[in-house]
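Asker: have a look at this prediction, sequence included:
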Amino acid sequence: MNLLIVEDDSTIRYGLKYYLEQEGFNVLESSNVKETLSILNEDITLVLLDINLPDGDGFSLFHKIKEKKDIPIIFLTADDLELSVVRGLDMGADDYITKPFKARELISRINNILRRNKLISNVIQIGNIKIDTLGAKVIKEGNEIFLSSLEYKILLILATNKGVVFSREEILANIWDVEGDYVNDNTLTVYIKRIREKIEDEPANPKIIKTVRGLGYKIDE
């Protein structure tokens with residue numbers, strides 16, 4: 001599938017292109033409004049759209065894209081003012097990500113949007129485990145498994161990035177306790193242990209969530 005990056009900063013654009021291609025996406029590029037409009041005849045699945053462009057602004061371009069194609073659009077910008085964020089989302093953007101951002105977070109958000117729009121499967125299969133991302137359900141051999149909100153979030157981070165090793169620090173940076181309690185390194189160990197007890201056939205010899213010694217955790221392809 002084709003993703004279109006509309007970004008005038010060539011360094012950011014090339015970096016995004018490289019990372020997205022490593023994730024299996026085909027990437028089209030544009031650095032301005034005029035070039036973007038000429039590319040819209042291509043088969044495009046999703047657009048990453050910067051707001052500040054040399055020959056216009058992303059908000060106006062958003063409307064022009066939507067007039068031609070009903071496709072998901074993510075605003076990608078250094079402007080994190082609440083008014084701009086709200087404006088972008090109120091216009092109908094699928095997400096709004098401010099720079100600097102983590103590439104893995106961007107990939108996860110892209111995949112979530114693609115699933116939500118049924119452009120890729122809403123079900124992630126890992127061995128005998130199915131994760132229904134729309135229903136936020138985890139099913140093992142036909143039986144639903146109850147995970148707390150944080151357990152589910154940790155599992156989803158790893159499952160939507162198969163083959164990628166996440167350090168403990170990276171996992172902690174991507175989760176938060178919905179009740180406001182601080183989640184520290186020791187707490188993460190407890191959560192990983194609980195998840196394994198619920199989804200693994202042999203929690204002491206895990207086959208799904210694997211520990212990469214000295215680095216972190218991963219779920220294989």
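Answerer: Yep, it's here.
Asker: give me the element the residue nearest the centre of the chain is part of.
Answerer: With distances taken as Cα atoms, centre = their mean, the residue of the chain nearest its centroid is Ser108 (1.4 Å). Using DSSP states H and E, Ser108 falls within helix 103-116.
Asker: please parse the chain into its domains.
Answerer: Here the domain parsing of the chain from automatic domain parsing is 2-116, 123-219.
Asker: how far does the shortest one stretch from one end to the other?
Answerer: Distance between the two ends of domain 123-219: 15 Å, counting by Cα to Cα, to the nearest Å.
Asker: so who does the closest residue to the residue nearest to the centre of the chain other than its chain neighbours touch?
Answerer: In this structure, Ser108 finds its nearest non-sequential neighbour in Thr160, 5.3 Å apart by Cβ to Cβ, 6 or more residues apart in numbering. The way it works is simple: take the backbone N, C-alpha and C, and place the C-beta from them, glycine included. Thr160 makes contacts with 107-108, 111-112, 124, as judged by Cβ atoms under 8 Å, 6 or more residues apart in numbering.
Asker: under the pLDDT cut-off, which ranges of the chain? List them.
Answerer: 79-82, 176-183, 221 (pLDDT under 70).
Asker: can you show me the strands along it?
Answerer: Taking DSSP state E as the test, the strands found in the chain are 2-6, 26-30, 46-49, 52-53, 56-57, 73-77, 95-98, 123-126, 129-132, 137-140, 143-145, 209-212, 216-219.
Asker: reformat the ones you listed as JSON lines; add mean neighbour count and distance to Leu89.
Answerer: Listed next are the strands of the chain as JSON lines, based on neighbours: other Cβ atoms under 10 Å; distance: least, Cβ to Cβ, whole Å:
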{"stretch": "strand 2-6", "mean neighbour count": "22", "distance to Leu89": "18"}
{"stretch": "strand 26-30", "mean neighbour count": "18", "distance to Leu89": "23"}
{"stretch": "strand 46-49", "mean neighbour count": "24", "distance to Leu89": "13"}
{"stretch": "strand 52-53", "mean neighbour count": "17", "distance to Leu89": "18"}
{"stretch": "strand 56-57", "mean neighbour count": "14", "distance to Leu89": "16"}
{"stretch": "strand 73-77", "mean neighbour count": "22", "distance to Leu89": "8"}
{"stretch": "strand 95-98", "mean neighbour count": "18", "distance to Leu89": "6"}
{"stretch": "strand 123-126", "mean neighbour count": "16", "distance to Leu89": "26"}
{"stretch": "strand 129-132", "mean neighbour count": "18", "distance to Leu89": "25"}
{"stretch": "strand 137-140", "mean neighbour count": "17", "distance to Leu89": "27"}
{"stretch": "strand 143-145", "mean neighbour count": "12", "distance to Leu89": "32"}
{"stretch": "strand 209-212", "mean neighbour count": "15", "distance to Leu89": "33"}
{"stretch": "strand 216-219", "mean neighbour count": "20", "distance to Leu89": "31"}
